[in-house]
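Student: only geometry, no sequence info:
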C-alpha cells in the first residue's frame, strides 16, 4: 500500500510499521463497507498477493468480521463484533493518524452514484 510523500517524510518509522495483511484487508473492506469485492480486487487495491489476501479473508471469516457469498467478500455489518476485533482498531487508528478521521457522510456526498465501469464488466 502506498503512502504520499508528506506522510513518508513526517511519520515515524514505528508509525509506518506495516499493517498485517488481515489488517490491510479489513481496513479496505471497512472503508468500502457499502460494497463486496472479489479477493483479486482487494489484492489489487491494497497491493498484496492474491493468495495472501485469500488466506487473510478466510481467517477474518473465522473471526466473523467478514462475510463471504459466492466469490464476493464484505465487512460484517455487526459493528460491535467489528469494533471488538483488535486488528480493526489498529488499522483504524493508524489510518486516522496518517490521514485524519474519515467523515463518511461528507465522503458519501461526493461518491459516484454509479459503480466504476470495471465493476460493471464483472456482472
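Tutor: Perfect, thanks for sending it. This is a predicted model, so every value here is computed, not measured.
Student: which residues does residue 59 contact?
Tutor: If you count contacts by C-beta atoms under 8 Å, 6 or more residues apart in numbering, residue 59 has them with residue 22. C-beta: built from backbone N, CA, C; applies to glycine.
Student: same deal with residue 68?
Tutor: Here residue 68 is in contact with 57, 61 (criterion: C-beta under 8 Å, 6+ apart).
Student: doesn't residue 74 lie inside a strand?
Tutor: Yes - when DSSP: H, G, I helix; E, B strand; the rest coil is applied, residue 74 is found to be in a strand.
Student: identify the bridge partners of it.
Tutor: residue 67 (DSSP bridges).
Student: quick check: the residue nearest to residue 45 when sequence neighbours are not counted vs residue 10, distance?
Tutor: Residue nearest to residue 45 in three dimensions, not counting chain neighbours: residue 28, with 5.9 Å by C-beta to C-beta, 6 or more residues apart in numbering. Residue 28 sits 23 Å away from residue 10, going by C-beta to C-beta, to the nearest Å.
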